[in-house]
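1. Please find the sequence and the predicted model below.
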Amino acid sequence: MFEKFFKLEEHGTNVRTEVIAGITTFMTMVYILAVNPNILEASGMDRGAIITATAVASAIACFCMAAFSNKPFALSAGLGLNAYFAYTVCIGMGYTWQVALTAVFVEGLIFILLSLTNVREAIFNAIPSSLKVAVSVGIGLFITFIGVQNAGLIVDGSTLVTLFGFNASIANGTFTTQGITVILALVGVVITAALLVKGVKGYMLYGILITWAIGIVCQLVGLYVPNPELGFYSVIPTSIFSAPASLAPTFMKLDFAFVTTHVLDFVVVVFAFLFVDVFDTLGTIIGCAAKADMLDENGQLDGIKGVLLADAIGTTVGAMLDTSAVTTFVESSSGISEGGRTGLTSVTTGILFLLALFFSPLFLTIPSFATAPALIVVGFLMMQQVTKIDWNDLTEAIPCFCCITMMGFAYSISDGIAFGIISYTILKLLTGKYKDLNVLLYILSILFVLKYFLI
């Protein structure tokens, strides 16, 4: 049955590899079940309903990804978009969460239309091959940055970011809470890297589980001391089972009445959601597809329409359930690194999201220091593609450099793509290589420039 539906042999994989890949992807993104409610709760939404909505919307989107494209990409509520939802639209602009959900719902419908009419596919194909490689490398830098932050190795400082100070943590008495978790994360990187070098199947998943197990031992012997006030929680599950919270407080609570009286304000909110979501999604798909060698010689992805449609439906369904825009997760690359090549990977991840509704105490206990090493190693694997960039052609190399660096430093996939496309268009024009440009690149460059000045 699996072979017939997912064409495993054709993609050079098997059920075991796909299931392990799906579990690995889930383990690296399960944090969203804790983070999304923390963010969206600030808008006044019911926390329990958000957890249930996030899990259900993620599962539906993952199943759609498998059904429409047979690709190993997993989806959930997008970080950044949920912060914009809660802190900018609801708190900053003063709109209700019902209005914000309506904006996400409309955005999803527009996404479905754009996906069915090939507009999003055209944008994907319009991005030059060199920039597609740069996006993949940039995501490698971006996901590594996320990993070292989750590990606690890189923290806020006078230079914006700085290395964690072990001596300071010993002096102020936080070593047994924060300091030891940084060490555990570094140990996890070494373990995961060693398993990778030895060619162990499932190395990413084993790295997470082994690091988590070491953390449990450290807590049992007193080397690690949980301190919830500082954000450091027990890594030992106190319970396993819990009943899912009801969706009733927020289900289908859309406010279309607002649209009829505040059309312009509503359009601005929808456009902001739409713009960031489009290019975050395209960037993630490019990066993950490149990592899995799914792009053809022209940098195009077979089945891209199904991928984009699954993403659009996920956003629409998510808004109806009670969560911000659903998008393809960059953590999908962790499962791809484990060998995931088909929709069975995303189905596995989706099933685990549904199980998480009943076993949330177990899944939410997985510490960030155990999953951070996986992200760091994935970052290394994705950055290897930097050798595919033609560094001798400066009109190609400089935009790639802009894309890679801005993606990491601006902490945004869409901003990295924006700077890459703008610089690519300008350099090609100034050097007389306008034949390398297409109409969509001109349009995208103008839209990106307007976006930075108007939104």
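-> Cool, the structure landed. Numbers count the residues shown, from 1 in each chain.
2. which residues of the stretch 51-200 of the chain score low on pLDDT?
-> Counting by pLDDT under 70, the stretch 51-200 of the chain has low-confidence residues at 80.
3. Please give me every residue in contact with the residue sitting nearest the centre point of the chain.
-> In the chain, the centroid-proximal residue (CA atoms, centre = their mean) is residue 329; its distance is 3.0 Å. The neighbourhood of residue 329, defined by CB atoms under 8 Å, 6 or more residues apart in numbering, consists of 25, 29, 32, 73, 74, 75, 76, 78, 284. Where C-beta positions appear, they are placed from N, C-alpha and C, glycine not excepted.
4. now with 7 Å?
-> 29, 74, 75, 76, 284 (CB atoms under 7 Å, 6 or more residues apart in numbering).
5. Would you reformat those as CSV and include secondary structure?
-> CSV is the format used below for the contacts of residue 329 (DSSP: H, G, I helix; E, B strand; the rest coil):
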residue, secondary structure
29, helix
74, coil
75, strand
76, strand
284, helix
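6. Which pLDDT value belongs to the residue nearest to the centre of the chain?
-> Among the per-residue scores, residue 329 shows a pLDDT of 88.
7. Going along the chain, name the helices of the stretch 1-150 of the chain.
-> Listed in chain order, the helices of the stretch 1-150 of the chain (DSSP state H, counting those that start in this stretch) span residues 2-6, 15-29, 32-40, 47-69, 81-83, 97-116, 119-126, 129-150.
8. which strands and helices sit next to the longest one?
-> Judged by 3 or more CB pairs under 7 Å, 6 or more residues apart in numbering; DSSP states H and E, helix 47-69 is in contact with helix 32-40, strand 75-77, helix 304-321, strand 326-328, helix 343-356.
9. angle of it against helix 304-321?
-> Helix 47-69 runs at 160 degrees relative to helix 304-321, counting by axes from the mean of the first three to the mean of the last three CA atoms, to 10 degrees.
10. May I see the buried residues of helix 47-69?
-> Of the residues in helix 47-69, those with enough neighbours to count as buried (16 or more other CB atoms under 10 Å) are 48-69.
11. Ok, the shortest one next?
-> Under the neighbour-count criterion of 16+ other CB under 10 Å, helix 81-83 has 81, 82 buried.
12. Show me what it is in contact with.
-> Helix 81-83 has contacts (CB under 7 Å, 6+ apart) with 36, 39, 40, 273, 276, 277, 324, 325, 327.
13. Any idea which of the residues you listed the model trusts least?
-> By predicted confidence, the contacts of helix 81-83 are weakest at residue 276, whose pLDDT stands at 74.
14. mind checking the SS state of it?
-> Applying three-state DSSP to residue 276 yields a three-state assignment of helix.
15. Distance-wise, check it relative to residue 314.
-> Distance from residue 276 to residue 314, counting by CB to CB, to the nearest Å: 16 Å.
16. try residue 70
-> Between residue 70 and residue 314 the distance, using CB to CB, works out to 16 Å.
17. ok, now how distant is the nearest residue to residue 111 once chain neighbours are set aside from residue 110?
-> The shortest distance from residue 111 to any residue that is not its chain neighbour, by CB to CB, 6 or more residues apart in numbering, is 3.4 Å, and that residue is residue 312. Residue 312 sits at a distance of 8 Å from residue 110 (criterion: CB to CB).
18. These two: who's more crowded?
-> Relative neighbour count places residue 312 above the other of residue 312 and residue 110, with 28 against 20, counting by other CB atoms under 10 Å.
19. was I right about the more buried one contacting residue 117?
-> No. Taking contacts as CB atoms under 7 Å, residue 312 lies outside contact range of residue 117: 11.5 Å.
20. Any regions of the stretch 351-455 of the chain where pLDDT drops low?
-> Residues of the stretch 351-455 of the chain meeting the criterion pLDDT under 70: 455.
21. before we move on, the earlier item: and residue 70 and residue 314? Which one has more around it.
-> Remark: of residue 70 and residue 314, residue 314 carries more neighbours, 30 against 23, as counted by other CB under 10 Å.
22. Could you identify which of the contacts of helix 81-83 has the most neighbours?
-> Among these, the one with the most neighbours (other CB under 10 Å) is residue 324, at 36 neighbours.
23. in which helix or strand would I find that one?
-> When elements are assigned from DSSP states H and E, residue 324 belongs to no helix and no strand.
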